[in-house]
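> Build the 3D model from these lines:
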Amino acid sequence: MKYRILGSTELNVSVIGVGTWQFGGEWGQTFSQADVDAIFDEARTRNINLIDTAECYGDHLSEQLVGRAIARDRDQWVVATKFGHKFHAPFERTEPRSPQDIRVQLEESLKALRTDVVDLYQYHSWSDESFFDDDVLAVLNQARDEGKIRHIGNSVGSNRNVKQLEKSREMGIETIQIVYNRLDRGPEEAGIFDLCRGQNLGVLARVPLASGYLSGKYQPGHSFEASDVRSRQPDDTRSQRIAEALRIQTEEVPDGVPMAQWALAWCLRDPVVTCVIPGCRSAEQVASNATASERLESVRLD
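This next block holds a predicted model:
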């Protein structure tokens, strides 16, 4: 496993992390504690140390599963979670975003994660109007002073939200989480990565496998279960993504290299990306994802 420093945080994180949205039940699979324990046992074996979760992956459900899985060696993990949403039912959220809401959410996340401190606490897809709230920022700074959070990050809702990113250092934000993968190169095209370099922001690339389309598993005409978030995409979007992924697999992925591993290494080819956070359904997927760390030198920067 390779490691990179996460921006100005001084956290040394594995370039492959564990994304955990799937644990909340919106990706067509229900996870038991035993399932999650097996995933994190494999992550330990592969020397992965970064976990990304959120308050609304289920009603703190993902956080609870993660908290139990890492309770015995919490100090070995970098735990990132988010704030600003409330889960009510699959695909249903509200946005409690007052200063008091944030205080409550943080305490609930700490309890669910079975920890006294969150390593990285991230705004979760906030609008500009809500994001630039000085009273919310004051709550975060107070929580940091109290030792309940170590660092503040921003999981941006749009790949082109330049306005928020430009104010990152001014607001004490040290990391950015953004959608980035071979099917969505928006951060390159919008100059987002240049802003991150200029402010020494750590970059977490979410959805690095494009919601699984870059796994190499799907063929034209594939349909997803109603409980899978991808079933909510328009039919033409799914068809286009599958077709483009097949083209990439044929024209760009070297023979004999699993497409998912190549796709993760592709995201990391530019060192501005500190870590990718793919979701995983099994210990076997964790092992495969981790192997992408060994393929960094074989993916060209273009």
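
> tell me the phi and psi of the nearest residue in space to residue 54 that is not next to it in sequence?
In space, residue 54 comes closest to residue 82 once its chain neighbours are excluded; the distance is 4.0 Å by Cβ to Cβ, 6 or more residues apart in numbering. To be clear about C-beta, it is placed using only N, CA and C from the backbone, and glycine gets the same treatment. Main-chain dihedrals, residue 82, degrees, to the nearest 10: phi -140, psi 170.

> just checking, residue 82 touches residue 122?
Yes. Under the criterion of Cβ atoms under 8 Å, residue 82 makes contact with residue 122 at 4.5 Å.

> per-residue confidence for residue 232?
In this prediction, residue 232 carries a pLDDT score of 67.

> re earlier: common neighbours of residue 82 and residue 122, please.
The contact sets of residue 82 and residue 122 overlap at residue 155 (Cβ atoms under 8 Å, 6 or more residues apart in numbering).

> So what's the gap between the helix or strand containing residue 237 and the chain middle?
Using DSSP states H and E, residue 237 falls within helix 235-251. Its chain's average C-alpha position is 23 Å from that of helix 235-251, according to Cα atoms, centre = their mean, to the nearest Å.

> Who are the packing partners of that helix?
Helices and strands touching helix 235-251, by 3 or more Cβ pairs under 8 Å, 6 or more residues apart in numbering; DSSP states H and E, are helix 259-267.

> avg pLDDT for whichever helix or strand comes after the helix it packs on?
Heading C-terminal from helix 259-267, the first helix or strand you meet, by DSSP H and E, is strand 275-277. The predicted model gives strand 275-277 an average pLDDT of 98.

> can you list the residues that contact strand 275-277?
With Cβ under 8 Å, 6+ apart, strand 275-277 has contacts from 4, 6, 13-19, 50, 52, 177, 202-206, 208, 264, 267-268, 292.

> Report the next helix or strand after it in sequence order.
Strand 275-277 is succeeded, C-terminally, by helix 283-291 (DSSP H and E).

> Could you check the angle that next one makes with helix 259-267?
40 degrees (axes from the mean of the first three to the mean of the last three Cα atoms, to 10 degrees).

> Residue numbering should commence at 40 henceforth.
All right, first residue 40 from here; so that's helix 322-330.

> tell me what helix 322-330 is packed against?
Using 3+ Cβ pairs under 8 Å, 6+ apart: helix 322-330 touches helix 72-84, helix 298-306.

> what's the neighbour count on the closest residue to residue 239 other than its chain neighbours?
Counting by Cβ to Cβ, 6+ apart, the nearest residue to residue 239 once its immediate chain neighbours are dropped is residue 47, at 4.9 Å. Residues near residue 47, counting by other Cβ atoms under 10 Å, number 14.

> what does residue 333 give?
12.

> Can you tell me the SS state at it?
Put simply, residue 333 is helix when judged by DSSP: H, G, I helix; E, B strand; the rest coil.

> In terms of pLDDT, where does residue 254 sit?
So residue 254 comes in at 88 (pLDDT).

> show me the residues around it that make contact.
248, 298-299, 302.

> do residue 330 as well
297, 300.

> which residues in the stretch 140-289 of the chain form helices?
167-170, 173-184, 201-205, 225-228, 231-238, 274-290 (DSSP state H, counting those that start in this stretch).

> list the buried ones in the last one?
Meaning helix 274-290. The neighbour-count check on helix 274-290 (16 or more other Cβ atoms under 10 Å) flags 277, 280-281, 284-285, 287-288 as buried.

> again, but for the fifth one
By 16+ other Cβ under 10 Å, the buried positions in helix 231-238 come out as 231-232, 234-235, 238.
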